[in-house]
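*Asks:* Sharing a model prediction with you, sequence too.
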Amino acid sequence: MNAINIDTLPATSSLDEHLDDVLAVLDALLQDGAIVRCVLDFDADHVCLVTTEFPRRLRIRSVERLLANARRDTSQQVNGQSDNPLTEAASLALADIAIMRHATGPRRLHQACVDLERGLTTRRFADGRIRRLTLDTASAPPDLLAS
């Protein structure tokens, strides 16, 4: 695997600056059943969402746009409460992503994904490692863990 040259990356991104707000929006979207997957890409400074209504990925190119849309749509609930039993685990996974990003510094964790359909959370690190954990048990499935 190719390691990322961390010296060429900016120290922080807009995603880092608004991480807590972005994670709150993503948590609300997961809880409401509006999305089934979200990818936080700290390198590209954007968030990708996979919705339940459209079978396509919607790329939010700026964090500011995601937050502006969330503020505009706060009065409209999308689908009500999700019936997916993994939504609580997804909330914990988002909190874990925030803790990891803050604790290890912005250059260590480069991408994080929470996927309710597959029941996985995935993290890509600067040294090229990818770590996948199941949402229901928070344990790494051996066949999905890459070193």
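*Replies:* Cool, got the structure.

*Asks:* For E53, give me its contacts.
*Replies:* A34 (CB atoms under 8 Å, 6 or more residues apart in numbering). C-beta coordinates here come from the backbone N, C-alpha and C atoms, glycine included.

*Asks:* so when I look at it, I'm seeing a helix, right?
*Replies:* No: counting by DSSP: H, G, I helix; E, B strand; the rest coil, E53 falls outside a helix, being coil.

*Asks:* Can you give me the pLDDT of it?
*Replies:* In this model, E53 is scored at 74, pLDDT.

*Asks:* From A90, how far out is it?
*Replies:* 18 Å (CB to CB, to the nearest Å).

*Asks:* D27 now?
*Replies:* 8 Å.

*Asks:* what about the nearest residue to D21 once chain neighbours are set aside, how many neighbours?
*Replies:* Nearest residue to D21, sequence neighbours excluded (CB to CB, 6 or more residues apart in numbering): L67, at 5.7 Å. L67: 17 surrounding residues under other CB atoms under 10 Å.

*Asks:* on that earlier part again, so which of D27 and A90 has more stuff around it?
*Replies:* Taking neighbours as other CB under 10 Å, D27 and A90 compare with A90 leading, 25 against 19.

*Asks:* Provide a list of residues in contact with that one.
*Replies:* So A90 contacts 27, 30, 114, 116, 121, 135 (CB under 8 Å, 6+ apart).

*Asks:* before we move on, what SS does it have?
*Replies:* Assigned with three-state DSSP, A90 falls in the helix class.

*Asks:* quick one: least confident helix or strand in the chain?
*Replies:* Least confident element among the helices and strands of the chain, by mean pLDDT, DSSP states H and E: strand 57-60 (a mean of 68).
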